[in-house]
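1. Everything below, folded, please.
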Amino acid sequence: MTIAAELEYRTLPLASISESVLNPRRSFDESALNELAESIRTQGILAPLVVRPVGEGFEIIAGARRFRAARLAGLESVPVRVVDLTDAQALEASIVENLQRRDIHPLDEAQGFRMLMRLDEPGYSIEQIAAKCGKSPAYVAARLRLTELSPAVTEAFAKDEIGVGHALLLAKLQPAQQEEALAACYQEQYTAGSKARSILLPVKHLQQWIEHNILLELASAPFPREDAQLLPDAGACTECPKRTGHNTLLFEGIGARHDSCTDPRCYAAKIEAHVRQTLATKPKLLQISTAFGVPKQGSDVVPRNRYVEIRQEKPTKKDQQNWPEYKTCRFVAEAIVTEGNEKGEIRRVCANLECPIHHARKPKPANDRAFKAEQEKQRREEAIAQVTGLRVLEAIANAVPVRLMKRDLAFIVERLLSRLDEPRLGILLKRHNLKKSKDSTEAPIRILAAFVRKADESTLGRLLVEVAVLQFAGSSSDSSKALREAAEFYKVDVSGVSAKVKQEFAAKEKANSTQPAQKAKPARKAVAA
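-> Now for the predicted structure:
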């Protein structure tokens, strides 16, 4: 589409001009308008407004800010360029003109793109809009999604309480999850003698929160993803537009390494349907729970303390060969998890309490009165200690703020550091470049404690993860597993890091191989002298 040739330049009275309902721009900065009005008073309008004839007057295509500022400046007429445009041409021209200005709000920009998409004639695609506006298709797709923000998120974005990066990430989510994720954009900061203050966290923090709390990896789903009849209203996951792998333009930069579901409610509904379908096909299938607590009275679900799950993998340590979960018996049967986090998964379990292998009975002690009294006393003391401990732990948890502050992180890190041995403390010293002089007698734990007290929240957060990894790494095999699991959780490219380290070592070896030859010449000269 090309804009029709201009009709003429002229000066029109402001009374004959009106703003277009097709203009997607709805937000105008009052202080900026006043500055422009002052400039117009002294310099006049240097660039004419673009208008089109509508009825007995004229409608603005480009120049709504200049029009408003002219009224503030007290002008009675303004210079214009009159063009003859259709509604579609006027909308397109208005959007392109707004995009060339820096102060256009992304919400207004998004509304403009949405208005183009709604036009019946001509029909626009994302690719066509991108080509006309000089933007990428991914840019246009992300902006269009902003029109689907929930009211609370839209309000926060319009008030600049969140940035465009936060809004674009929130727009990728379903409305039910957007407000939950909006709360994760902030951290409550407490200072002595004042109320809590909300601090906007970086976009990267929100992205990681979404990937860890909202996205559900479809590769681990217990139900068949290609089954469109499992939940007819939702259809097959492979064709769902809410799947990150389905719409790469929309979900660019989030969940990139995995094909994930962005609708937890639909995911949970499919699990429920899968469980019902499986039990209808296999009515004798045992139902088990992986959750803590007692199932409802009359429930067919076997609680976790009344069955033993049989491990599929072979034992990796010698003493594991005698563990019941690595053994089999004639009572082993298939079961489906109907309660708990692993709902819908099929397991092999032994739930027969008479099984001598998996439910071996412990020998009863002598049945004398003194022994029973001692046992009862011990149980009472343990119960009191347990309840007291739970109450204290509850009180501690209630005292912890919604978002951990620096003092909380320092408290946790210092106590975890005390659990590490000398070699692992040495790893942390090296990791944070805390060099210890050769003649120093100061213990590594004291050096690290001083470092913790001076560190900021970001450093403490990273140090907490590092300590957790080292705490789990009790042996060389555990160390490899701990690093692998942490790298997978935080999406670290292990192969890339490994390749870079190998290149560095190769470069050092190459440099070292040339050093003896360079040092040999001075040595020979010294002998000759």
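2. Against Glu504, how distant is Lys435?
-> 20 Å (Cβ to Cβ, to the nearest Å). Any C-beta I mention is one placed from the backbone N, CA and C, and that applies to glycine too.
3. Same question for Val467.
-> 26 Å.
4. Ile447 too?
-> From Ile447 to Glu504 the distance is 27 Å (Cβ to Cβ).
5. More neighbours: these two, which one.
-> Ile447 (18 against 10; other Cβ atoms under 10 Å).
6. any idea what sits nearest that one, other than its immediate chain neighbours?
-> Leu434 (5.5 Å; Cβ to Cβ, 6 or more residues apart in numbering).
7. Report how many residues lie close to the one you found.
-> 14.
8. dump the residue contacts of it.
-> Taking Cβ atoms under 8 Å, 6 or more residues apart in numbering, we find Leu434 in contact with 428, 447-448, 451.
9. Most neighbours of all these, which one?
-> Leu448 (22 neighbours).
10. Okay, and it sits in which element?
-> Assigned by DSSP states H and E, Leu448 belongs to helix 444-454.
11. other SSEs contacting that helix?
-> helix 406-417, helix 422-431 (3 or more Cβ pairs under 8 Å, 6 or more residues apart in numbering; DSSP states H and E).
12. and those, which is most packed in?
-> helix 406-417 (a mean of 17; mean count of other Cβ atoms under 10 Å).
13. For the helices and strands packed on helix 444-454, give me a markdown table that also has distance to Arg81.
-> As requested, the helices and strands packed on helix 444-454 are exported to a markdown table (distance: least, Cβ to Cβ, whole Å):
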| stretch | distance to Arg81 |
| --- | --- |
| helix 406-417 | 59 |
| helix 422-431 | 65 |
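14. Could you export those to TSV, including columns for mean pLDDT and distance to Glu59?
-> Below are the helices and strands packed on helix 444-454 laid out as TSV (pLDDT from 0 to 100; distance: least, Cβ to Cβ, whole Å):
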stretch	mean pLDDT	distance to Glu59
helix 406-417	86	57
helix 422-431	84	65
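15. For Ala73, find the nearest of these.
-> Ala73 sits nearest to helix 406-417 of all the helices and strands packed on helix 444-454, at 51.6 Å, using Cβ to Cβ.
16. now that closest one against helix 422-431, angle please.
-> Helix 406-417 and helix 422-431 are oriented at 140 degrees to each other (axes from the mean of the first three to the mean of the last three Cα atoms, to 10 degrees).
17. Export only the CA atoms of helix 406-417, formatted as CSV.
-> What follows is helix 406-417, C-alpha atoms only, in CSV (Å, rounded to 0.1, in the frame of the first residue of the first chain):
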residue,chain,number,x,y,z
LYS,A,406,21.2,-9.0,53.4
ARG,A,407,21.2,-10.0,57.1
ASP,A,408,19.1,-13.1,56.4
LEU,A,409,21.4,-14.3,53.6
ALA,A,410,24.5,-13.6,55.7
PHE,A,411,23.0,-15.6,58.6
ILE,A,412,22.4,-18.6,56.4
VAL,A,413,25.7,-18.4,54.6
GLU,A,414,27.8,-18.1,57.8
ARG,A,415,26.2,-21.2,59.3
LEU,A,416,26.5,-23.3,56.2
LEU,A,417,30.2,-22.3,55.9
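18. Can you check what angle separates that helix from helix 444-454?
-> 170 degrees.
19. How far does helix 406-417 sit from its chain's centre?
-> 25 Å (Cα atoms, centre = their mean, to the nearest Å).
20. For that helix, enumerate the helices and strands it packs against.
-> Helix 406-417 packs on helix 444-454, helix 457-472, going by 3+ Cβ pairs under 8 Å, 6+ apart.
21. That'll do, ta.
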